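J.: Here is my input, please return the structure:
(one chain, ligands or ions: 1)
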Amino acid sequence: MTYPDTKETLQLLKELVSIPSPSGNTNEVITFVENFFKELNVGTRRNRKGALIATLPGKDEKNHRMLTAHVDTLGAIVKEIKSSGRLKLDLIGGFKYNSIEGEYCEIETSAGKKFTGTILMHQTSVHVYKDAGKAERNQDNMEIRLDEKVHNAEDVRALGIEVGDFISFDPRVQLTPSGFIKSRHLDDKASVAILLQLIKQVKTENIELPYTTHFLISNNEEIGYGGNSNIPPETVEYLAVDMGAMGDGQSTDEYTVSICVKDASGPYHYELRKRLVQLAKENDIGYKLDVYPFYGSDASAAIRAGHDIVHGLVGPGIDSSHAFERTHQDSIENTAKLLYHYVQSEMLL
Ligand SMILES: [Zn+2]
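T.: The predicted structure is shown next:
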């Protein structure tokens, strides 16, 4: 038995985080994933929301299994063009302004033109502003400095920039010799990379899956409704693969796969959780059970939308989530191993 190649997964992850994809503007990254599947001869379809569903037929065609990971990320949108020629932002997804202070960004106009800039406090220069350190990091005080010769709103509009243009943050991805991956958007592109590699292995090694298995590459998770639709009625189990949350009191780390027992939406399905633990134990996979206090997943979104499914949540541990994220290749590897065994395991029918 060989597992999906982690080095290859990391290269794929690097490519994925480098494609801007804030929720609401994910066509480019979905097309990238679509082409990945095309090369493997895996059939896909897009839903109206713009997500991608890939299906691998299995032995049992009556009872299906579904796995999901989301390719959309945090981002922002141009809220206002200031008279100074700076841009005011409105955030997409759940995070704080301090986590993007000083970050390089890209603005994409509706015509597809791209411009770069930096997200800064208006009162940044300590040579000018006394309260530079104390002023609140909020929508009023933070703005984008465009890398263009603009002096007023008219100059900005002349470039083609308008209210509603999407803003993405520079991921600044780095793979360190010690095995860490530092980047924005590891949530949840780390999991997407793992799923794509898993599908590649299943296809290239002609592994027969016990059940027809769907893979939903969701594109609206960060705003709450990515994976709550397009679930085939035959679906029995629905596993969200999304980041494990780290912090004080959390057991999740950057080296194991995190199995979520409960998040803000309530407990995940008890029997499925126990079976995931059993699979980890049987196959020597490093895992942690954990509770995520302020968290909801595409699996809980599906339950809320009224789907009668067995739902679960697992994923790599991500430090400083929704900010300057980091994980280790060990966590990617343990998550990949668990999923490799999971898709070949029996369901409790
Ligand atoms: Zn996520």
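J.: Show me what whichever strand or helix holds residue 76 is packed up against.
T.: Here residue 76, judged by DSSP states H and E, is contained in strand 75-81. Using 3 or more Cβ pairs under 8 Å, 6 or more residues apart in numbering; DSSP states H and E, the elements in contact with strand 75-81 are strand 87-92, helix 153-158, strand 166-169. Heads up, the C-betas are built off the backbone N, CA and C, glycines and all.
J.: In the stretch 1-150 of the chain, what residue lies closest to the ion?
T.: residue 70 (5.7 Å; Cβ to the ion).
J.: Please name the spatially closest residue to that residue (chain neighbours excluded).
T.: Of all residues not flanking residue 70 in the chain, residue 221 sits nearest, at 3.4 Å (Cβ to Cβ, 6 or more residues apart in numbering).
J.: residues contacting that neighbour?
T.: By Cβ atoms under 8 Å, 6 or more residues apart in numbering, residue 221 lies in contact with 23, 70, 72, 188, 227, 242, 297-298, 301.
J.: mind putting the residues you listed in JSON lines, distance to residue 317, neighbour count and pLDDT included?
T.: Output for these, formatted as JSON lines (distance: Cβ to Cβ, whole Å; neighbours: other Cβ atoms under 10 Å; pLDDT from 0 to 100):
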{"residue": "23", "distance to residue 317": "23", "neighbour count": "23", "pLDDT": "98"}
{"residue": "70", "distance to residue 317": "17", "neighbour count": "29", "pLDDT": "98"}
{"residue": "72", "distance to residue 317": "21", "neighbour count": "28", "pLDDT": "98"}
{"residue": "188", "distance to residue 317": "13", "neighbour count": "32", "pLDDT": "97"}
{"residue": "227", "distance to residue 317": "21", "neighbour count": "30", "pLDDT": "92"}
{"residue": "242", "distance to residue 317": "11", "neighbour count": "32", "pLDDT": "98"}
{"residue": "297", "distance to residue 317": "15", "neighbour count": "31", "pLDDT": "95"}
{"residue": "298", "distance to residue 317": "18", "neighbour count": "28", "pLDDT": "94"}
{"residue": "301", "distance to residue 317": "22", "neighbour count": "23", "pLDDT": "95"}
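J.: Which of those fall within strands?
T.: Using DSSP state E, the members of the contacts of residue 221 that fall within strands are residue 70.
J.: Out of the helices and strands packed on strand 75-81, indicate the one that is most buried.
T.: strand 166-169 (a mean of 23; mean count of other Cβ atoms under 10 Å).
J.: What is the distance between that one and the centre of its chain?
T.: 15 Å (Cα atoms, centre = their mean, to the nearest Å).
J.: coming back round to it: do you know the pLDDT at the residue nearest to residue 70?
T.: Here the pLDDT value assigned to residue 221 is 94.
J.: How much space separates it from the ion?
T.: Distance of residue 221 to the ion, given as Cβ to the ion, to the nearest Å: 6 Å.
J.: number of nearby residues for residue 270?
T.: Neighbour count for residue 270, taken as other Cβ atoms under 10 Å: 11.
J.: Residue numbers of the stretch 101-250 of the chain in contact with the ion?
T.: Listed as neighbours of the ion in the stretch 101-250 of the chain under the rule Cβ under 5 Å from the ion: 187-188, 242.
J.: if we can go back for a sec, between the helices and strands packed on strand 75-81, which one is nearest to residue 108?
T.: Between residue 108 and those, the shortest gap by Cβ to Cβ is with strand 166-169, which sits at 5.0 Å.
J.: strands paired with the closest one, and their directions?
T.: strand 75-81 (antiparallel), strand 104-108 (antiparallel) (DSSP bridges).
J.: Now do that strand, average pLDDT.
T.: Computed over strand 166-169, the mean pLDDT rounds to 98.
J.: got the contact list for it?
T.: Outside strand 166-169, the residues that touch it by Cβ under 8 Å, 6+ apart are 20-22, 24-25, 73-78, 87, 89, 100, 103-108, 119, 144, 184-185.
J.: Looking at the stretch 201-349 of the chain, which residue is nearest the ion?
T.: residue 242 (4.3 Å).
J.: residues in contact with that residue?
T.: Taking Cβ under 8 Å, 6+ apart, we find residue 242 in contact with 69-70, 187-188, 191, 221, 297-298, 313, 315.
J.: what about the closest residue to residue 67 other than its chain neighbours, neighbour count?
T.: Take residue 67 and drop its neighbours on the chain: the residue closest to it by Cβ to Cβ, 6+ apart is residue 239, 5.0 Å away. Burial of residue 239 is recorded as 28 neighbouring residues (other Cβ under 10 Å).
J.: Much appreciated, bye for now.
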